[in-house]
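Asker: quick one, fold the following:
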Amino acid sequence: MGSQRETIVIIGAGVVGVSIAYFTTKRLVSEHPDPESRPRVILLEQCEPGCSASGKSGGFLARQWSDSTDTEQLARFSYDLHAKLAEEHDGASRWGYRPVDTFSAEVDRIPVAPAKQRKKVHQRTDSESVVTSIEVIAPQTHRTSSVTMQEYSSSAATPGSQEDSMQTSTHASISVPEIPSFKVVPPETVPWLRTDVVTNLRQVGVTANTAQVDPLKLTRSLLAEAKSMGLETIRAKVIDVAEMGYRPPVIELSIDRHSTKPLDVLQIETPKTTSQTMMEMDERKGHKKVSKTKKPYVVLLDQEGLDIPADKIVVACGAWVTSCLRWEAFRDVSASQIPIQGLRVHYLLAKPKSEIPAQAVFAEINGTVYNGEDAIEIYPRPDGSVFVCGEALDDPEMPPHNPFEPVYSKRATSRLKQIVNDVSTALSFDVIQYGLACHLPVHAKGIPVISKVPSSKGLYIAAGHGCWGILNGPATGLAISELLIDGKCSSLDLQNFKLDRWY
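Answerer: Sure, this is the predicted structure:
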């Protein structure tokens with residue numbers, strides 16, 4: 001009976017993958033009370049749940065900041081879904097869900113580096129090219145889509161330029177949206193900022209439309225709920241996804257008629273099907289007989305004996321999603337359809353000496369000694385810690401194969417801490433975690449992929465959410481779960497997120 005059950009495999013245990021697992025498992029439990037007949041749901045992760053951006057982001061939620069973009073419906077729906085999940089599972093205590101007041105602050109002339117550093121001529125390297133943060137700053141509302149790749153990467157300084165010019169790159173097109181209800185408030189409204197340097201303070205969100213979560217706790221709490229409902233988890237790396245019955249195309253060779261080789265030497269063997277190849281592997285290595293499966297796919301793992309026959313497969317591994325381009329079953333997916341890479345963003349987690357109220361702040365620091373701008377985001381959390389992020393490195397890049405590999409820049413991390421101390425004397429804190437960075441999965445068009453692979457039997461991709469991954473993770477999870485179970489999504493219109501929308 002077990003081999004006849006439908007098997008759904010989800011690759012990636014970030015907030016998107018875990019949300020897919022949660023909503024899929026929850027729905028299947030309600031429709032199939034008997035565990036023996038219920039489809040299996042298996043979550044694969046090569047490291048730990050939330051080990052990259054899903055565990056290292058600010059966790060800021062905004063209901064209206066994507067209005068007039070292609071992600072408006074997704075953002076609004078997911079914001080409301082966050083509130084429902086928090087109510088259902090006590091999110092306030094389990095993952096720090098709470099509404100917050102949000103402010104945008106303009107800060108003038110904060111010295112962010114000693115004078116002797118400013119005079120130093122420095123040979124620029126890629127790891128030191130620093131621009132402003134885009135972790136949770138929304139696109140402007142007049143746009144018809146989200147941010148393009150060009151807007152994530154500013155003009156690069158030439159090698160050999162002075163250190164001043166290294167800091168002039170900014171994401172000018174990434175800003176807090178202009179909404180009529182936003183209002184200017186006195187600097188004293190946010191008393192823990194240095195009021196003597198705040199030149200303009202606006203309230204850009206209230207508790208009715210902005211909130212926050214601790215992303216790592218959210219991800220792992222939803223995972224715990226899914227496991228309690230029968231979700232299976234395996235820690236392993238996917239090596240390939242084979243499609244049973246697929247036969248690679250025959251390569252035709254033209255034979256030189258003047259060749260002196262006998263014809264029997266020039267024989268061309270007909271390529272074997274995947275199932276034939278896997279049968280030979282089974283016999284050679286003593287694996288369980290996955291080659292005899294009637295399921296359309298087999299997920300090949302880096303651990304012998306754990307290969308998984310599957311009916312449906314979802315790739316939701318964030319900045320690593322392009323790994324699927326090397327897998328046999330995804331051969332019809334092109335790199336142009338998932339132009340997703342990782343944007344490296346730095347952050348630190350600290351514990352102030354005094355409690356900071358529930359006020360999220362986006363601080364734009366003008367007129368620095370680097371003749372440019374900096375932007376940081378500050379998120380006090382209910383547990384008394386403060387999450388601060390900024391200093392994104394220039395261009396999106398392919399992240400290292402090992403998500404645990406340190407990717408931070410010492411220069412960017414030190415700079416971030418220095419800026420924070422200059423902005424607020426109240427944030428003269430004891431650092432809990434320092435020298436940290438993660439890769440945000442950014443799509444060249446600024447819009448995530450939430451889609452079935454066209455013409456496939458059961459392949460899906462959900463990735464590329466960029467700086468709004470935590471916000472839009474739950475809605476993406478619900479949408480993919482409906483595609484998996486019903487074959488269509490009834491909660492959201494996914495036309496904007498189809499794999500073949502652009503190419």
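Asker: how about Tyr460, phi and psi?
Answerer: phi -140, psi 150 (degrees, to the nearest 10).
Asker: now the nearest residue to it once chain neighbours are set aside: which helix or strand?
Answerer: Computed as CB to CB, 6 or more residues apart in numbering, the closest residue to Tyr460 that is not its neighbour in sequence is Val314, at 4.4 Å. (Each C-beta comes from the backbone N, C-alpha and C, glycine too.) Taking DSSP states H and E as the criterion, Val314 maps to strand 312-315.
Asker: over to Arg27?
Answerer: In the assignment (DSSP H and E), Arg27 maps to helix 15-31.
Asker: strands paired with the next helix or strand after that helix, and their directions?
Answerer: Per DSSP H and E, the first helix or strand lying C-terminal to helix 15-31 is strand 40-45. Strand pairing for strand 40-45, using DSSP bridges, gives strand 7-11 (parallel), strand 232-235 (parallel).
Asker: could you dump those strands into a markdown table with mean neighbour count added?
Answerer: Shown next, in a markdown table, are the strands paired with strand 40-45 (neighbours: other CB atoms under 10 Å):
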| stretch | mean neighbour count |
| --- | --- |
| strand 7-11 | 26 |
| strand 232-235 | 16 |
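Asker: mind putting the ones you listed in a markdown table, mean pLDDT and distance to Tyr97 included?
Answerer: Below are these laid out as a markdown table (pLDDT from 0 to 100; distance: least, CB to CB, whole Å):
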| stretch | mean pLDDT | distance to Tyr97 |
| --- | --- | --- |
| strand 7-11 | 98 | 24 |
| strand 232-235 | 96 | 24 |
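Asker: let me have these in TSV, extended by distance to Lys417.
Answerer: Shown next, in TSV, are the strands paired with strand 40-45 (distance: least, CB to CB, whole Å):
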stretch	distance to Lys417
strand 7-11	36
strand 232-235	34
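Asker: report how many residues lie close to Glu88.
Answerer: 9 (other CB atoms under 10 Å).
Asker: ok so it is a helix residue?
Answerer: Yes - judged by DSSP: H, G, I helix; E, B strand; the rest coil, Glu88 forms part of a helix.
Asker: check contacts around it.
Answerer: Residues counted as contacts of Glu88 (CB atoms under 8 Å, 6 or more residues apart in numbering): none.
Asker: re the thing from before, the residue nearest to Tyr460 pairs with what?
Answerer: Applying DSSP bridges to Val314 yields these beta-bridge partners: Ile10, Tyr460.
Asker: surely it and Ala479 touch.
Answerer: No - the criterion here is CB atoms under 8 Å, and Val314 misses it with Ala479 at 11.2 Å.
Asker: these two: who's more crowded?
Answerer: Shown here are Val314 and Ala479; by other CB under 10 Å, Val314 has more neighbours (30 against 27).
Asker: distance of that one from Val449?
Answerer: 11 Å (CB to CB, to the nearest Å).
Asker: please apply the same query to Ser30.
Answerer: Separation of Ser30 from Val449 (CB to CB): 28 Å.
Asker: looking at the two, which is more packed in?
Answerer: Val449 (28 against 9).
Asker: could you check the angle strand 40-45 makes with the helix holding Arg27?
Answerer: Counting by axes from the mean of the first three to the mean of the last three CA atoms, to 10 degrees, helix 15-31 lies at 170 degrees to strand 40-45.
Asker: output the contacting helices and strands for helix 15-31.
Answerer: Under the contact criterion of 3 or more CB pairs under 8 Å, 6 or more residues apart in numbering; DSSP states H and E, helix 15-31 touches strand 7-11, strand 40-45, helix 215-228, strand 459-463, helix 469-486.
Asker: Throw the ones you listed into TSV and include distance to Leu81, thanks.
Answerer: Shown next, in TSV, are these (distance: least, CB to CB, whole Å):
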stretch	distance to Leu81
strand 7-11	18
strand 40-45	20
helix 215-228	12
strand 459-463	15
helix 469-486	5
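Asker: which stretch among these comes nearest Val321?
Answerer: Smallest distance to Val321 across those (CB to CB): 3.9 Å, for strand 459-463.
Asker: let me see the mean pLDDT of that closest one.
Answerer: Model confidence over strand 459-463, given as mean pLDDT, is 98.
Asker: do the same with stretch 321-330
Answerer: Averaging pLDDT along stretch 321-330 gives 94.
Asker: what's the end-to-end length of it?
Answerer: Stretch 321-330 has an end-to-end distance of 11 Å (criterion: CA to CA, to the nearest Å).
Asker: kindly report the same for stretch 179-189.
Answerer: Per CA to CA, stretch 179-189 runs 20 Å from first to last residue.
Asker: same check on stretch 387-399?
Answerer: Stretch 387-399 end-to-end distance (CA to CA) = 23 Å.
Asker: and Cys489, what is it in contact with?
Answerer: With CB under 8 Å, 6+ apart, Cys489 has these contacts: Ala479, Glu482, Leu483.
Asker: and it, what's its pLDDT?
Answerer: So, for Cys489, pLDDT stands at 97.
Asker: what's the answer for the one 3 residues further on, then?
Answerer: Listed pLDDT for Leu492 reads 97.
Asker: my read: it touches Glu72, true?
Answerer: No - counting by CB under 8 Å, Leu492 stays clear of Glu72, with 11.1 Å between them.
Asker: tell me which of the strands paired with strand 40-45 lies nearest to Val241.
Answerer: Between Val241 and the strands paired with strand 40-45, the shortest gap by CB to CB is with strand 7-11, which sits at 8.5 Å.
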